[in-house]
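J.: Have a look at this fold, sequence not included:
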C-alpha cells in the first residue's frame, strides 16, 4: 500500500499490518500517488503551481523503486490514476478558466505525453480523478462546484465523465432468448484404444558445440548501464526456461525463454536488498526456486516470489556455488573453503560441513548428480593447486576422484549432465580467447575439450545444462560478448 506524505514522500506500507516498510527515494513533496500492479510501477504527482515544473514521476517496484521517468507538466496537477489494462496514467488539474482543468494522459512506462485535454469541459477544478478501465471512461470530481468565484460556475457540476474516443461505452444487455428444447442424447461412441506414447528423442551425443549469443541480457556494448551481472543459473527442463542469478543488488533472479530470447520475469528475493545472488537451483515439480545470496539461502514460491522456507545461513560464510538433492532433501553450499556445507532443505539445519585435506584449494562451483550419487566441486582463485575438480560420494562425503587441469585453476562454476555423463566448468578469467567452458567426463574427470574462445563465454560465473536437449547455458558476468550464451551440442 502507498501513501503520499509531502514532508516525507511516497511511503510504502504493509497492506496487512499497516507497518511502514520505507519511503521511495526522491519523492519528497509528493502529494498524490497511484500504483500500477500489472507493470510493477508507482506514479506520483507533486502539485506545483509553476508552469513546466517536474510534476509527475514513476518508479520501478521490481528495481527497489528506482526512478523510471519524470516529466514536466502544466501547473497544478492535483490527482492521478493508472489504467493498468492499457498502460496509461491520467493526471487531473485544478482550474476553471479556459486552458486549465481537465486532464493529461501519459504512457505509464515512459511518461510520454499522449494527450493534454486542458479544458474545463473535461473537468473543472479537479481534485480527484479515476478511470473505468473496462469501459475507458474518466471521472473527474470538482471539489468546489458550488464555491468557485461567481461567474466561473454557471452550472454546478460535481463530476465530469469523459469517454475515450475509439473505446466503446457500456452496452445495454441483450434480451434473453427463450431456451431451446434439449436434443435427445446420442448413443455413446466406443472409446478409441489409447496410442502408445512416443519415446522422447535421444539427446545429442556429439563432441562439438555451436555457440549462440542471446540478447535477453544485453551485452555491455549494447547497454553499458544495465544493472545486471549474470552468475549462477539453472534450467527448467519442462519449460526450457533458464533462471539466471543477478549479482547486483537487490537479490533477484531473471527468468529467460531462450527459444524466444526474451526476459519472462524477474524474481525479487524478499529481504535480499543488501546482497546479490550467487547461485540458484530449482524444484520444477513443486514450483520452488532455491536462491543463494551472501551467506544465506532461501526457497521461493515461483508463482508469486513469496518465501516458503528460510532464509537460512551457510555456516562457512559467503557462498559461491549451490545445488540441491531434491530426493534426499539436502542443500549443498560451496563457500571458498576446503569443502562444502550440507544442510537440510526443509528445516535449514546443518547436516555436516565437509572439509578435505590438501592445500591450495578454494571451493567455488558445486553440482549434484542424483544418478551417479556424486557431488562435484570446482577449485578457483588458488595457485600451486594439485586438483582442479573433485568428486565426492554423496553418502560418505569421501573424495572418490579428482583431476588437475591447471596449477592455477579458475573454475568458478560447474554443472553436470547425468544423461551424457559430462561436466561443464566455467573459467572465470577475463583474458581474451582464454576463458570459456571446460568439458570433462563425469566418470573419470578426464578432459573432453576446453572451449576457450570468447564466443563460448568470458569471465564465466555460471553454467547450467538441459540434459534432454544437450544445451548448455553460459553466464558471462561482465556481459561480454553478451550476458547469456547458448551452447548447442552436435547430434553426433
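T.: Arrived safely, thanks for sending. None of the values given here were measured: they were computed from a predicted structure.
J.: Looking at strand pairing, list the partners for the closest residue to residue 349 other than its chain neighbours.
T.: Spatially, and ignoring its direct neighbours in sequence, residue 349 is nearest to residue 343 (6.6 Å; Cβ to Cβ, 6 or more residues apart in numbering). (Glycine included, C-beta is placed from N, CA and C.) Following DSSP bridges, residue 343 is listed with bridge partners residue 331, residue 350.
J.: per-residue confidence at residue 343?
T.: In this model, residue 343 is scored at 98, pLDDT.
J.: ditto for residue 179
T.: So, for residue 179, pLDDT stands at 63.
J.: Kindly report the same for the one 4 residues further on.
T.: What the model reports as pLDDT for residue 183 is 60.
J.: for residue 31, same thing?
T.: If you check residue 31, the pLDDT there is 88.
J.: Excluding chain neighbours, what is closest to it?
T.: Closest to residue 31 by Cβ to Cβ, 6+ apart is residue 47, at 4.2 Å.
J.: Repeat that for residue 351.
T.: Excluding its sequence neighbours, the residue lying closest to residue 351 (Cβ to Cβ, 6+ apart) is residue 342, at 4.4 Å.
J.: Ok, residue 139 next?
T.: Counting by Cβ to Cβ, 6+ apart, the residue nearest residue 139 is residue 130, at 5.0 Å.
J.: List the residues that contact that neighbour.
T.: Going by Cβ atoms under 8 Å, 6 or more residues apart in numbering, residue 130 touches 81, 138-139.
J.: Direction included, what does the helix or strand harbouring it pair up with?
T.: Residue 130 belongs to strand 126-132 when assigned by DSSP states H and E. Paired with strand 126-132 in the same sheet, following DSSP bridges, are strand 137-142 (antiparallel).
J.: Read off the pLDDT value for residue 86.
T.: Reading off the model, residue 86 has pLDDT 93.
J.: so how far is residue 41 from residue 10?
T.: Noted for residue 10: a distance of 12 Å to residue 41, by Cβ to Cβ, to the nearest Å.
J.: ok so, going back, got CSV for the contacts of residue 130, with distance to residue 236 too?
T.: Formatted as CSV, those follow (distance: Cβ to Cβ, whole Å):
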residue, distance to residue 236
81, 38
138, 42
139, 44
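J.: So which of those residues is surrounded by the most neighbours?
T.: Most neighbours among the contacts of residue 130, by other Cβ atoms under 10 Å: residue 138, with 24 neighbours.
J.: Please name the bridge partners of it.
T.: residue 131, residue 162.
J.: Kindly state the pLDDT recorded for it?
T.: Per-residue pLDDT puts residue 138 at 94.
J.: Likewise for the one 5 residues further on?
T.: Predicted confidence (pLDDT) for residue 143: 77.
J.: Thought residue 123 was touching it, still the case?
T.: No. Using Cβ atoms under 8 Å, residue 143 is not in contact with residue 123, being 10.9 Å away.
J.: Between these two, which is the more surrounded one?
T.: residue 123 (32 against 15).
J.: how near is that one to residue 43?
T.: Going from residue 123 to residue 43 by Cβ to Cβ gives 18 Å.
J.: dump the residue contacts of residue 405.
T.: Counted by Cβ under 8 Å, 6+ apart, residue 405 has contacts 388-389, 411, 438, 440, 447, 450.
J.: and which of the residues you listed is nearest residue 157?
T.: Lowest distance from residue 157 to the contacts of residue 405 (Cβ to Cβ) belongs to residue 411, with 72.8 Å.
J.: who touches that closest one in this structure?
T.: Taking Cβ under 8 Å, 6+ apart, one finds 364-365, 378-380, 388-389, 405, 425-428, 438 in contact with residue 411.
J.: now residue 257
T.: Contacts of residue 257 (Cβ under 8 Å, 6+ apart): 216, 239-241, 264.
J.: Try it again at 10 Å.
T.: The neighbours of residue 257, taking Cβ atoms under 10 Å, 6 or more residues apart in numbering as the test, are 214, 216, 239-242, 263-265.
J.: Go ahead and build a ChimeraX selection from the buried members of these.
T.: Those of these that count as buried under 16 or more other Cβ atoms under 10 Å are selected in ChimeraX with:
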select :214,216,241,242
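J.: so which of the contacts of residue 257 would you say is closest to residue 114?
T.: residue 263 (25.5 Å).
J.: which stretch of helix or strand covers the closest one?
T.: strand 262-268.
J.: re earlier: can you pick the most crowded of the contacts of residue 411?
T.: Counting by other Cβ under 10 Å, top hit in those: residue 426 with 34 neighbours.
J.: Could you report the pLDDT at it?
T.: Looking at residue 426, the pLDDT reads 97.
J.: can you start the count at 9 instead of 1 from here on
T.: Renumbered: residue one is now 9, and that last one reads residue 434.
J.: so is it in a helix, a strand, or just coil?
T.: strand (DSSP: H, G, I helix; E, B strand; the rest coil).
J.: Please report how far it lies from residue 21.
T.: Taking Cβ to Cβ, one finds residue 434 at 43 Å from residue 21.
J.: ok, so what distance separates the residue nearest the centre of the chain from residue 70?
T.: Central residue of the chain (Cα atoms, centre = their mean): residue 274, 1.2 Å from the mean position. Look at residue 274 and residue 70: by Cβ to Cβ, they are 5 Å apart.
J.: Which neighbours do these two have in common?
T.: Common neighbours of residue 274 and residue 70 (Cβ under 10 Å, 6+ apart) are 48, 260, 313.
J.: So which of these wins on neighbours?
T.: residue 260 (24 neighbours).
J.: Quick check: phi and psi on the spatially closest residue to residue 52 that is not a sequence neighbour?
T.: Distances taken as Cβ to Cβ, 6+ apart place residue 38 nearest to residue 52, at 4.4 Å, with adjacent residues excluded. Dihedral angles of residue 38 (phi, psi; degrees, to the nearest 10) stand at phi -70, psi 130.
J.: what does residue 463 give?
T.: Note on residue 463: its backbone torsions stand at phi -60, psi -20 [degrees, to the nearest 10].
J.: So the nearest residue to it once chain neighbours are set aside, which state does it fall into?
T.: Distance criterion Cβ to Cβ, 6+ apart; nearest residue to residue 463, sequence neighbours excluded, is residue 219 at 4.4 Å. Under three-state DSSP, residue 219 falls in the strand class.
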